[in-house]
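J.: sequence? don't have it. structure:
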């Protein structure tokens, strides 16, 4: 393990010195070299993730696909999303525009006496070991992800953005990053704030994010795989997550009938909600009553997209534009027509 860490560090240093640092000086970012070095690490992680996707997950999809790939244009759009995120373009915006604001915010909190709580120091000698602390942080961030994911499906304004992700009817390993950029930005800001508050080391934070993302690629894959009765309850499988994307099932909850004063039932149908929000661990779905372990592989998409022909966009820019339009409608700033 130490040899792999050293190899990564040496590769990051070489890529930074030979490529990224000269580019930084050329574009006037000589005062942000520390951020550029960190960004080089994220770029290297993204390249490694893409290699794993191409060499491991891709062949698995061809081995046991759930369905034939009939809409290659939709898949190509998802590839664009993946390259934007994994090659660092999204993180450039995060580093240059958002991180200075977050640093100011965290500085203000520390002035008010709100310091960093080092989670790994809970049990000295036990929780502060490299592997143990990494597992703790992985579980903590997965718990955060579960509730973020539920919020994306519960709050109408956030669903207006998150719907970009669920509008993909041809799921593949590239679908994970198919998100509205504002949706991703909100999630990234929350993650960074929590990372600051619980004191996770930068290297561990990179590892948690990298492993979470790679497994999300696997879970979105067009892959007919289950982990069995008990395995499905230990780790999120492609089947478990595909059910979350299922039309009229994964992101809808049935409304309970309510009796009016006249004795008539009201509020029938479906509402925002759904099942299988867990990102890595299905434990949270089991714990909070949102798990669905039906052993089936369903078509994916959004109900009104399929039944009413609602347009969620075909290309990157149309998906982003329509996401903002839905957001404005959800916030009451524009007509629903």
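T.: Cool, the structure landed. Computed from a predicted structure; not experimentally measured.
J.: and the gap between residue 149 and residue 162?
T.: 9 Å (CB to CB, to the nearest Å). (Glycine included, C-beta is placed from N, CA and C.)
J.: Counting neighbours, go ahead and name the busier of these two.
T.: Each of residue 149 and residue 162 has its neighbours counted (other CB atoms under 10 Å); residue 162 has more, 23 against 20.
J.: Please identify the helix or strand for the more buried one.
T.: helix 156-166 (DSSP states H and E).
J.: neighbouring contacts of that helix?
T.: When contacts are defined by CB atoms under 8 Å, 6 or more residues apart in numbering, helix 156-166 is touched by residues 151-153, 175, 178-180, 182-183, 186, 245, 250-251, 272, 300-302, 312-313, 319-320, 323, 326-327, 329-331.
J.: In strands, which of those residues fall?
T.: Those of these mapping onto strands are residue 272, per DSSP state E.
J.: Could you check the helix holding residue 162 and say which residues are buried?
T.: Judged by neighbour count using 16 or more other CB atoms under 10 Å, the buried positions of helix 156-166 are 158-166.
J.: What is whichever strand or helix holds residue 204 packed up against?
T.: Assigned by DSSP H and E, residue 204 belongs to helix 202-219. Packing partners of helix 202-219 (3 or more CB pairs under 8 Å, 6 or more residues apart in numbering; DSSP states H and E): helix 33-52, helix 130-154, helix 238-244.
J.: Check which element follows the first one along the chain.
T.: The reference is to helix 33-52. Using DSSP H and E, the helix or strand that follows helix 33-52 in sequence is helix 58-63.
J.: average model confidence for the very next helix or strand once past that following helix?
T.: Next along the chain after helix 58-63, taking DSSP H and E as the criterion, comes helix 72-86. The average pLDDT within helix 72-86 is 95.
J.: What angle do helix 33-52 and helix 72-86 make with each other?
T.: Put simply, helix 72-86 runs at 140 degrees to helix 33-52, going by axes from the mean of the first three to the mean of the last three CA atoms, to 10 degrees.
J.: Report the buried residues of the helix or strand following helix 72-86.
T.: Downstream of helix 72-86, the next assigned helix or strand under DSSP H and E is helix 89-93. Within helix 89-93, the residues that qualify as buried by neighbour count (16+ other CB under 10 Å) are 90-93.
J.: Tell me which other helices or strands helix 89-93 touches.
T.: helix 33-52, helix 72-86, helix 181-198.
J.: will you turn these into CSV that also has mean neighbour count?
T.: Shown next, in CSV, are the helices and strands packed on helix 89-93 (neighbours: other CB atoms under 10 Å):
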stretch, mean neighbour count
helix 33-52, 18
helix 72-86, 18
helix 181-198, 17
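J.: Could you export those helices to CSV, including columns for distance to residue 204?
T.: Formatted as CSV, the helices and strands packed on helix 89-93 follow (distance: least, CB to CB, whole Å):
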stretch, distance to residue 204
helix 33-52, 13
helix 72-86, 20
helix 181-198, 9
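J.: Thank you, goodbye.
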